[in-house]
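J.: Quick one, fold the following:
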Amino acid sequence: MTYDTTLTTARLLRGHIQNLRKKRCRRDFVFTASDRAKMGATAVAAGVAGLGGAAAGLGGKAMDTTEEADLIEFELDGKSVRAWIWVSVFNEGDEVEVAAEPNGDCWMGYGIRRISDRIVALHPHCSRGRYAHFRACCSWFAKIVGSLLVVGWIMLAISAYLVSLPVTQLGSFAAFSVAAGFAAALVYAVIAYRITRRFMVFVRIAECVFRVFGWPNVKNVDLPAITKKSKKPGDPAGLGIFFFRY
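T.: A predicted model of the protein is given here:
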C-alpha cells in the first residue's frame, strides 16, 4: 500500500502480536524529496530577491519537515509485519486485525485494530474518508478564516474610530474593508484547497484500510468524530488524536 499504487493488494491479517518491537522515529510523511527540492529552490530565489527572512524561513522548512511516529515490528501467526503509526498502544499478545499488503519478505501494515477494546491505530494522517475529510477541512477553514476576518474588521473599525474618519467616508471605508476581507478569504481558500488536495493520498489509504476492515460507507468514516462521541473519562489523552476507537 505505497503512496503511488492503486491500493489493491491489501489484505486483512488476524492473530496475536508476538515479538513486538517499537521505535520512536522521525520521518517525512507529507513532503517528498522533490517537494523539498522545490522548497529549497524557492528559498534560493527569495534570497536572490533580497527577501532574507523569507529565504531563511523557507530554507528551514525545506531542511526539516519530518514528524515523529512509531515504527513497530511484530509477528502475526508466522507473518512478519512492519507498520508506521502515530502512537502504538499495542502490547505483546494482543489479538489484532491488520490491514496490510505484501512488501518483499514482510507485510507492511497501515491500520491495526485491537479486538478487545476496538482501539484503532493507522498510518500518520490517515483517519477520515474523503467526504469526512472535505467536511473537516471546510469546518477548519470557516473557523480560522472567519475568525481572522472578524478580527481584521474589528481592527479596521477601531482604526477608523481613532483617526476620527468623517461620516461621509464611512460607507466607502466599510465597502473597502469588506472587499479586502473577501479578497483575502479567496486567497486563503486557494491555499486551503491545495493543502486539502495534498492530503488526499492519506485519505485514499484510510479508505482502503476501512474497506479491508469491512466497515461500511468508508467515504464518510470520520474516526476523530466517532471517537469523540464515545470517549469516556479516564481514556488516554491521545485517544481521538493519535489513535481511535471504532
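J.: all contacts plus neighbour counts: C-alpha atoms, from now on.
T.: Fine.
J.: Just give me the neighbour total for M108.
T.: Using other C-alpha atoms under 10 Å, M108 has 22 neighbouring residues.
J.: For this structure, which segments are assigned as helices?
T.: Here the chain has its helices, by DSSP state H, at 33-48, 52-63, 130-162, 167-198, 200-213, 223-230.
J.: Can you tell me which residue sits nearest the middle of this protein?
T.: Centrality entry for the chain: nearest residue to the mean C-alpha point is H125, 3.8 Å, by C-alpha atoms, centre = their mean.
J.: what's near enough to touch that one?
T.: If you count contacts by C-alpha atoms under 8 Å, 6 or more residues apart in numbering, H125 has them with 199, 202.
J.: separation between it and I205?
T.: 9 Å (C-alpha to C-alpha, to the nearest Å).
J.: tell me the domain ranges of the protein?
T.: The chain breaks down into these domains under automatic domain parsing: 11-127+218-245, 130-198.
J.: Out of those, the one nearest V209 is which?
T.: domain 11-127+218-245 (5.7 Å; C-alpha to C-alpha).
J.: What separates the first and last residues of the closest one, distance-wise?
T.: Distance across domain 11-127+218-245, first residue to last, is 21 Å (C-alpha to C-alpha).
J.: Check the offset of it from the chain's centre.
T.: Taking C-alpha atoms, centre = their mean, to the nearest Å, the mean C-alpha location of domain 11-127+218-245 is offset from the chain mean by 10 Å.
J.: what pLDDT, on average, does it get?
T.: Domain 11-127+218-245 carries an average pLDDT of 83.
J.: Ok, stretch 166-173 next?
T.: 73.
J.: Number of residues surrounding the nearest residue to A185 once chain neighbours are set aside?
T.: If the residues on either side of it in the chain are set aside, A185 comes closest to V145, at 6.6 Å by C-alpha to C-alpha, 6 or more residues apart in numbering. Using other C-alpha under 10 Å, V145 has 18 other residues around it.
J.: measure V145 to A132 for me?
T.: 20 Å.
J.: most packed of the domains of the chain?
T.: domain 11-127+218-245 (a mean of 17; mean count of other C-alpha atoms under 10 Å).
J.: Residues contacting stretch 67-81, please?
T.: For stretch 67-81, the external contacting residues (C-alpha under 8 Å, 6+ apart) are 13-29, 82-88, 105-109, 124.
J.: swap in stretch 151-170?
T.: 177-178, 181.
J.: May I have it as PDB, with CA atoms only?
T.: C-alpha atoms of stretch 151-170 as PDB (Å, rounded to 0.1, in the frame of the first residue of the first chain):
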ATOM      1  CA  VAL A 151     -10.500  40.300  14.000                       C
ATOM      2  CA  GLY A 152      -9.400  42.200  10.900                       C
ATOM      3  CA  TRP A 153     -12.600  44.100  10.500                       C
ATOM      4  CA  ILE A 154     -12.700  45.000  14.200                       C
ATOM      5  CA  MET A 155      -9.100  46.300  14.000                       C
ATOM      6  CA  LEU A 156     -10.100  48.400  10.900                       C
ATOM      7  CA  ALA A 157     -13.200  49.700  12.700                       C
ATOM      8  CA  ILE A 158     -11.000  50.700  15.700                       C
ATOM      9  CA  SER A 159      -8.500  52.400  13.400                       C
ATOM     10  CA  ALA A 160     -11.400  54.400  11.700                       C
ATOM     11  CA  TYR A 161     -12.600  55.500  15.200                       C
ATOM     12  CA  LEU A 162      -9.200  56.500  16.400                       C
ATOM     13  CA  VAL A 163      -8.500  58.700  13.300                       C
ATOM     14  CA  SER A 164     -12.000  60.100  13.500                       C
ATOM     15  CA  LEU A 165     -12.900  59.200  10.000                       C
ATOM     16  CA  PRO A 166     -15.600  61.500   8.600                       C
ATOM     17  CA  VAL A 167     -19.100  60.100   8.400                       C
ATOM     18  CA  THR A 168     -19.200  60.800   4.700                       C
ATOM     19  CA  GLN A 169     -16.300  58.400   4.200                       C
ATOM     20  CA  LEU A 170     -17.600  55.600   6.400                       C
END
